[in-house]
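Undergrad: Here is a sequence with its predicted model. Questions after.
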Amino acid sequence: MGAKIPTAWLLIIPIVSWYWLYKFAQAFSEKITKDKSPVLWFVLLFFAGWLVAPIFQYEINKRK
């Protein structure tokens, strides 16, 4: 969808994975929900990623 998300290989490096999560949340916020609140999505992903993953996938699937 045109988002600039770094390679997923960064997820295996503990501290750098936070950067990847933020960039993913930023792209999700800008391209999918268009709500301009990447910090909220990052916090949700960071603390409850397994709970919000279905929400992310549902929103992405709606846009395709």
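TA: Alright, I've got the coordinates.
Undergrad: give the contact list for the nearest residue to residue 35 once chain neighbours are set aside.
TA: Closest residue to residue 35 in three dimensions, ignoring its sequence neighbours and counting by C-beta to C-beta, 6 or more residues apart in numbering: residue 29, at 5.9 Å. C-betas here are computed from N, CA, C, even on glycine. If a contact means C-beta atoms under 8 Å, 6 or more residues apart in numbering, then residue 29 has 35-38, 40-41 as its contacts.
Undergrad: and what of residue 41?
TA: 25-26, 28-29, 33, 52.
Undergrad: can you give me the strands for this structure?
TA: For the chain, strands defined by DSSP state E do not occur.
Undergrad: Can you show me the helices along it?
TA: 16-27, 38-63 (DSSP state H).
Undergrad: Highest mean neighbour count out of the ones you listed?
TA: helix 16-27 (a mean of 17; mean count of other C-beta atoms under 10 Å).
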